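# sharing a model that was predicted from the sequence below.
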Amino acid sequence: MDRISWNEYFMAQSHLLAMRSTCTRLSVGATIVRDKRIIAGGYNGSIAGGDHCIDQGCYVIDNHCVRTIHAEMNALLQCAKFGVPTEKAEIYVTHFPCLQCCKAIIQAGIKTIYYSMDYKNHPYAMELFGQAGVDVIHVPMNLKEDARELFGI
Ligand SMILES: [Zn+2]
Ligand SMILES: [Zn+2]
């Protein structure tokens with residue numbers, strides 16, 4: 001029996017979450033993990049109960065969709081909402097985070113970022129991660145291809 005690794009398991013979870021994204025511009029998923037347990041998850045989407053980009057189109061200002069909350073922020077805010085500590089946690093994201101999410105991840109006390117796909121990786125983000133002592137680890141995964149191997153489908 002082939003056992004999947006923790007990295008494969010948590011990153012697969014983020015890729016599954018990305019499939020729940022409601023913004024047509026980018027499907028992103030994020031999973032927050034502490035002591036090898038999933039404590040929160042998020043995807044790129046609107047506020048709860050709000051209009052979805054997939055129904056109403058994106059609300060674009062300065063080439064950014066302002067309707068959505070990024071997956072990483074949604075996962076962090078889920079922890080805030082339910083009072084779950086993120087200190088020394090880890091986050092698995094399908095795409096390298098934007099600068100705003102990078103700062104939020106650092107400030108939430110997360111110590112390791114695992115990302116699957118490069119996405120406009122900003123050099124300032126790497127500088128901030130260095131200053132904050134956050135490890136950034138590339139975990140390549142394409143769920144649609146890897147799932148066939150993992151689940152034998
Ligand atoms: Zn959108
Ligand atoms: Zn972001």
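Structure's in. What do you need? Here the structure is a predicted model, which is why all the values come from computation and not from measurement. Ligands and ions are numbered 1, 2, ... in the order given.
# ligand 2 contacts on this protein?
70, 98, 101 (Cβ under 5 Å from the ion). C-beta: built from backbone N, CA, C; applies to glycine.
# how about a cut-off of 6 Å?
70, 72, 97-98, 100-101 (Cβ under 6 Å from the ion).
# contacts with ligand 1 among those, please.
Within the set of the residues of the chain next to ligand 2, contact with ligand 1 (Cβ under 6 Å from the ion) is found for no member.
# buried subset of those residues as a PyMOL selection?
Buried residues within the residues of the chain next to ligand 2, by 16 or more other Cβ atoms under 10 Å, are selected in PyMOL with:
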select buried, resi 70+72+97+98+101
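# let's have the residues of the chain next to ligand 2 in JSON lines, adding distance to I32 and secondary structure.
As requested, the residues of the chain next to ligand 2 are exported to JSON lines (distance: Cβ to Cβ, whole Å; DSSP: H, G, I helix; E, B strand; the rest coil):
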{"residue": "H70", "distance to I32": "13", "secondary structure": "coil"}
{"residue": "E72", "distance to I32": "9", "secondary structure": "helix"}
{"residue": "P97", "distance to I32": "13", "secondary structure": "coil"}
{"residue": "C98", "distance to I32": "17", "secondary structure": "coil"}
{"residue": "Q100", "distance to I32": "17", "secondary structure": "helix"}
{"residue": "C101", "distance to I32": "12", "secondary structure": "helix"}
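# going by distance to ligand 1, which of the residues of the chain next to ligand 2 wins?
Closest to ligand 1 out of the residues of the chain next to ligand 2 is H70 (11.0 Å), distances taken as Cβ to the ion.
# per-residue confidence at the closest one?
Here, the pLDDT recorded for H70 equals 97.
# enumerate every residue touching it.
H70 makes contact with 28, 30, 42, 44, 97-98, 100-101, according to Cβ atoms under 8 Å, 6 or more residues apart in numbering.
# from the residues you listed, pick the one nearest H122.
H122 has its nearest neighbour among those in C98, at 7.6 Å by Cβ to Cβ.
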